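build me a structure from this.
(one chain, ligands or ions: 1)
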Amino acid sequence: MELKLDPWGAVHVDDYTKLFEEFGISSFDDILPKLKDPHPYMRRKIIFGHRNYDSVLRAMQKHEPFAVMSGFMPSGRAHFGHMMVMNEIIWHQQQGGDAFAAIANMEAHAVRGISWEMCKNLGINEYILSLIALGFQPKEGSHIYFQSENCKMRDLAFELGREANFSEVSAIYGFSGETHISHMESVMAQSADILHPQLQEFSGPKPVVIPVGADQDPHIKLTRDLAYRMRKFLVELRNDYISIRGKAASPELMQAAESALKETGYGKVKRYEEHIDVTEIHDKDGLVSGALLESIDRLIIKLELEHGQYGFIPPASIYHRFMTGLTGGKMSSSKPESHIALTEDPKGAAKKIMRAITGGRQSLAEQKKLGGEPEKCSIYEFLVFHLSDDDKELLELDAQCRSGQRMCGTCKKDVAERIERFLREHQKAREAARERLPEFGIKI
Ligand code: TRP
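The predicted structure follows:
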């Protein structure tokens, strides 16, 4: 029997569908069936959208290099929302990717005015320890770093600044004449965070996925644009041919591209002054359109690298839903009652759960009659997002709630116990992680 898990699909789904249409985010539904063993967030539609994840999927399946990268601003306590990003990084590392986690201390300092010392303290104690406790591995090619200490990233940020101008960046982030220059720099730092796993020092261009909440999409879009702008060629699929358009590419580079394309035998190569078309493309080695386009792009990227260019592949992204706050509305770091921190006292966390807003009705009688509304319940969400591995169990709980058999009191007690247990174990693992900080090159 196939489990159809969608009781939570209803949560704010309208808002998310809008994202698809208005911003060009693709639905994750196209990707899901192609994954052999998807992460529970994927299976449960918590990860609902993506940009260009196909590139990462192909690399994953062909055992080719790929990476995962995301960042945390050390401006407050890490909560279950941040843990989602951590788990997504770790999952991709387990799938064979190089993993990069940035502690965005330049951003926190520039935008929130947090001292460097505080950034270090929060970075380690709130984020890095949990990341390691949850399973981030010290592997060759994987890095946890503070932005300010990563010279390669900072050099790239400076370089990217040549491709972005004030009007454009202001339009995206609402900058004005009053905006600090460091604030603008931190935007370039974030783009450099995202692109630097593709530098030669980190084994060169490769698909990179950035797991984030949908609010971070403007950064992703800007960075994808910057990646295109740093290229010397634009490789595109037109109806039935592939166009390779030079962007101020030198004559030598154009020549090299023409020869390399002719060698592939992918189709008929026609050279014009500033562009090359490959027509009559055949299905060589079973490659069709998307994959063929990708393999031609990789070929061109190789040439760009040989000519001292970056050859960036536009980064991919995946987007997860936000959890509802325990007090209703958004879960927020600045509202302690709305979230549970990963370092929270387990007993206190259990109490927050007991006080949380549920999908229950006004009175017990009404709830018995009408049943509860799990899709509006912050407690049920905790189970779906974090506290149950078992899809079948969730379906049963959902049914019992809707039919009025299961009351909020019982449910809260159950979830409070689970969260207490989870936090106890997590916090123990964090203490063990503290001993291992040197393995990750983190100096206290
Ligand atoms: N700006 C992000 C935040 O506010 C943090 C961040 C910094 C980030 N660099 C990143 C996120 C790179 C994703 C990728 O939380």
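
can we go C-alpha only for contacts and neighbour counts from here?
Fine.

does Tyr127 touch Phe72 like I think?
Yes. Assessed by CA atoms under 8 Å, Tyr127 is found in contact with Phe72 at 7.4 Å.

looking at the two, which is more packed in?
Between Tyr127 and Phe72, counted using other CA atoms under 10 Å, Tyr127 has the larger neighbour count: 27 against 21.

return the residues in contact with the closest residue to that one other than its chain neighbours.
The shortest distance from Tyr127 to any non-neighbouring residue, by CA to CA, 6 or more residues apart in numbering, is to Ala78 (6.2 Å). Applying CA atoms under 8 Å, 6 or more residues apart in numbering to Ala78 gives the contacts 126-127, 333, 341-343.

ok, Ile281 next?
Ile281 makes contact with 240-242, 266-268 under the criterion CA under 8 Å, 6+ apart.

any low-confidence regions in this protein?
1-15, 282-289 (pLDDT under 70).

residues from it in reach of the ligand?
Residues of the chain lying near the ligand by CA under 6 Å from any ligand atom: 70-73, 102, 104, 190, 193-194.

kindly recompute the last result at 5 Å.
Residues of the chain lying close to the ligand by CA under 5 Å from any ligand atom are 70-73, 104, 190.

just these: which are in helices?
Members of these lying in helices (criterion: DSSP state H): Gln190.

out of the residues of the chain next to the ligand, who's the most crowded?
Counting neighbours by other CA under 10 Å, Gly71 leads the residues of the chain next to the ligand with 26 neighbours.

partner residues bridging that one?
Ala102 (DSSP bridges).

isn't it right up against Met106?
No. Using CA under 8 Å as the test, Gly71 is too far from Met106 to be in contact (11.5 Å).

coming back round to it: could you dump the contacts of Ile281 to JSON lines with distance to Lys45, secondary structure and neighbour count?
JSON lines is the format used below for the contacts of Ile281 (distance: CA to CA, whole Å; DSSP: H, G, I helix; E, B strand; the rest coil; neighbours: other CA atoms under 10 Å):
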{"residue": "Asp240", "distance to Lys45": "35", "secondary structure": "coil", "neighbour count": "11"}
{"residue": "Tyr241", "distance to Lys45": "36", "secondary structure": "strand", "neighbour count": "17"}
{"residue": "Ile242", "distance to Lys45": "34", "secondary structure": "strand", "neighbour count": "23"}
{"residue": "Tyr266", "distance to Lys45": "38", "secondary structure": "coil", "neighbour count": "20"}
{"residue": "Gly267", "distance to Lys45": "40", "secondary structure": "coil", "neighbour count": "19"}
{"residue": "Lys268", "distance to Lys45": "43", "secondary structure": "strand", "neighbour count": "15"}
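
what's the closest of those residues to the ligand?
Ile242 (31.4 Å; CA to the nearest ligand atom).

ok, the closest one touching His275?
No. Judged on CA under 8 Å, Ile242 makes no contact with His275 at a distance of 10.6 Å.

now do the strands in this structure.
With strands called from DSSP state E, the chain shows them at 26-27, 47-51, 67-72, 98-103, 143-146, 208-213, 233-238, 241-246, 268-271, 275-279, 316-320.

the closest residue to Leu437 other than its chain neighbours: how many residues sit nearby?
Nearest non-adjacent residue to Leu437, counting by CA to CA, 6+ apart: Lys443, 7.3 Å away. Look at Lys443: counted by other CA under 10 Å, it has 9 neighbours.

ok, Pro207 to Arg406 distance?
Applying CA to CA, to the nearest Å, the value for Pro207 to Arg406 is 46 Å.

if you count surrounding residues, which of these two has more?
More neighbours surround Pro207 than the other of Pro207 and Arg406, with 26 against 19 (other CA under 10 Å).

how's the protein carved up into domains?
Following automatic domain parsing, one finds the domains of the chain at 17-229+313-320, 233-306, 344-440.

give me whichever of the ones you listed is most buried.
Each of those was scored by mean neighbour count; the highest is domain 17-229+313-320, a mean of 19, by mean count of other CA atoms under 10 Å.

turn the domains of the chain into JSON lines, columns for distance to Gly328.
Below are these laid out as JSON lines (distance: least, CA to CA, whole Å):
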{"stretch": "domain 17-229+313-320", "distance to Gly328": "15"}
{"stretch": "domain 233-306", "distance to Gly328": "43"}
{"stretch": "domain 344-440", "distance to Gly328": "6"}
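
in this protein, where's the longest helix?
helix 408-436.

returning to what we had before: nearest to Leu326, of the domains of the chain?
Closest of these to Leu326 is domain 344-440, at 4.9 Å (criterion: CA to CA).
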